[in-house]
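**Student:** Pasting the sequence and the predicted model now:
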Amino acid sequence: MATRTRPSSKRCAVIGGSGFLGRHLLERLVDRGYTVNVFDIRQAYELPGVTFHRGDLCDRQALLVALKEVSIVFHCASPAPASDDRALFQRVNIDGTRTVIQACHEAGVQKLILTSSASVVFEGTDIKNGREDLPYAKKPIDYYTETKIQQEKLSSEINQIKEKGFLTVAIRPHGIFGPRDPQLVPILIDAARRGKMKFIIGDGSNLVDFTYVENVVHGHILAAEHLKADSPLCGQAYHITNDEPVRFWDFMSQILEGLGYSAPRYHLPYTLVYGIALLLWLIALVLRPLIRIKPTFSPMRVALAGTHHYYSCARAKKDMGYQPLVPLREAIVRTVESYPHLRKGA
Ligand SMILES: NC(=O)C1=CN([C@@H]2O[C@H](COP(=O)(O)OP(=O)(O)OC[C@H]3O[C@@H](n4cnc5c(N)ncnc54)[C@H](OP(=O)(O)O)[C@@H]3O)[C@@H](O)[C@H]2O)C=CC1
Ligand SMILES: CC(C)=CCC[C@@H](C)[C@H]1CC[C@H]2C3=C(CC[C@]12C)[C@@]1(C)CCC(=O)C[C@@H]1CC3
């Protein structure tokens, strides 16, 4: 085992700190007086008070350098769900998380805060006010979710091994959005620009959680600060949402109209769209060796757009005093304002 110096409780590392959530998280950590090391496969920016370590989280030696004298590790790295690359998810989310845990143990890290996802219980059918004790999806909607389940199990199991002397907790956000998000708003506007956002899938009444990134950050920091040997957080998972379920299509319409695009108006039956998406996905799979096609409406996206999926965050409120800091209306305004380059006509 490596020689250790007692780490300061204000020294932390953010694995995946160049990403959307990771960068917001470390900005807030710096504001709160933490010293932050970033570990990421790419360096996207520079920030005073932050030390960058570029590397692959599957590389234990590289990780050990970034975790030296660190007390808290936030692990929020993952390949993007849209990559749909099974081998990559397996390598990074499962094998890589195992490596992160080993490196934390070796470096004498005290707490690991893992970013999981509420979708670990989602199978493509309605979830209303789902609590954390729902069973993991037996048929996860994609490879990404399949490996997020395994990742969460790994971090929870390691917490049971008391002699390892470090504590873990998993945060399950849902539908994160906000400034600099490379997924939700850019994908939505790209679809609108290509004339694909004219239709509402289903009757449009399905409620979904969309969570502002600053609220997700707040949940992570509360978890780190409340995670102690005798606390109920040890080894548990916590939903972190805006606690304001919204109709999926109202939310999309507000973003679209805020950026100058028309909201979708015509309804299409859910089963029809899902069937077409499945067919296109199968065709893309068969043609993959010859040509790589990525349909905008994957079966996963159709399921997310046409079903209820919202989650209770009562457990986070009770155990760590969580309350969302930014309400949905304000969050949408801030998000829309942060994408001037995606405005219609820009
Ligand atoms: N966005 C969302 O709506 C939700 C996200 N989550 C979870 O939140 C976390 C953060 O997501 P988000 O910020 O959106 O994702 P991002 O893709 O923006 O950030 C992830 C970061 O991790 C990096 N990374 C990927 N693979 C490795 C690797 N092998 N070693 C080191 N770094 C790596 C990425 O680099 P690169 O970009 O080069 O791949 C990227 O910088 C993830 O765990 C995700 O599963 C959970 C629920 C919802
Ligand atoms: C129908 C359509 C083209 C909508 C555009 C928005 C979508 C790109 C997002 C709507 C719900 C989002 C979502 C995720 C990614 C972006 C959306 C599909 C996740 C899959 C990201 C990773 C997770 O852990 C779960 C998220 C669920 C919601």
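**Tutor:** Sure thing, it's come through. Ligands and ions are numbered 1, 2, ... in the order given.

**Student:** and the protein, which residues reach ligand 1?
**Tutor:** 16, 18-22, 40-42, 56-58, 76-80, 92, 96, 115, 117, 148, 173-176, 182-183 (Cβ under 6 Å from any ligand atom). All C-beta spots, glycine's among them, are computed from the backbone N, C-alpha and C.

**Student:** Mark which of these are part of strands, please.
**Tutor:** Among those, the ones falling in strands (DSSP state E) are 40, 115, 173, 176.

**Student:** Could you give the number of residues near the third one?
**Tutor:** To tie it back to what came earlier, the one meant is Pro173. 28 (other Cβ atoms under 10 Å).

**Student:** For the residue in the chain that ligand 1 sits nearest to, give me its contacts.
**Tutor:** For the chain and ligand 1, the shortest gap (Cβ to the nearest ligand atom) falls at Gly19, measuring 1.9 Å. Counting by Cβ atoms under 8 Å, 6 or more residues apart in numbering, Gly19 makes contact with 40, 76-77.

**Student:** run the last query once more with 10 Å
**Tutor:** Contact analysis of Gly19 by Cβ atoms under 10 Å, 6 or more residues apart in numbering lists 25, 38, 40-42, 44, 76-78, 80, 115, 180-182.

**Student:** where along this structure do the helices fall?
**Tutor:** 20-31, 60-66, 86-89, 96-107, 143-160, 184-193, 213-226, 248-258, 270-287, 299-306, 314-320, 328-337 (DSSP state H).

**Student:** interface residues of the stretch 201-346 of the chain facing ligand 2?
**Tutor:** Residues of the stretch 201-346 of the chain lying near ligand 2 (Cβ under 6 Å from any ligand atom): 296, 301, 304-305.

**Student:** ok, for the residue of the chain found nearest ligand 2, nearest residue in space, not its chain neighbours?
**Tutor:** Residue nearest to ligand 2 within the chain (Cβ to the nearest ligand atom): Ser117, separated by 3.2 Å. Among residues not flanking Ser117 along the chain, Lys148 sits closest, at 5.0 Å (Cβ to Cβ, 6 or more residues apart in numbering).

**Student:** Then Gln102?
**Tutor:** Arg60 (6.1 Å).

**Student:** show me what contacts that neighbour?
**Tutor:** Neighbours of Arg60 in contact, by Cβ under 10 Å, 6+ apart: 67, 96, 98-100, 102-103, 106-107.

**Student:** which of the residues of the chain next to ligand 1 count as buried?
**Tutor:** Among these, those that count as buried by neighbour count (16 or more other Cβ atoms under 10 Å) are 16, 18-22, 40-41, 57-58, 76-79, 92, 96, 115, 117, 148, 173-176.
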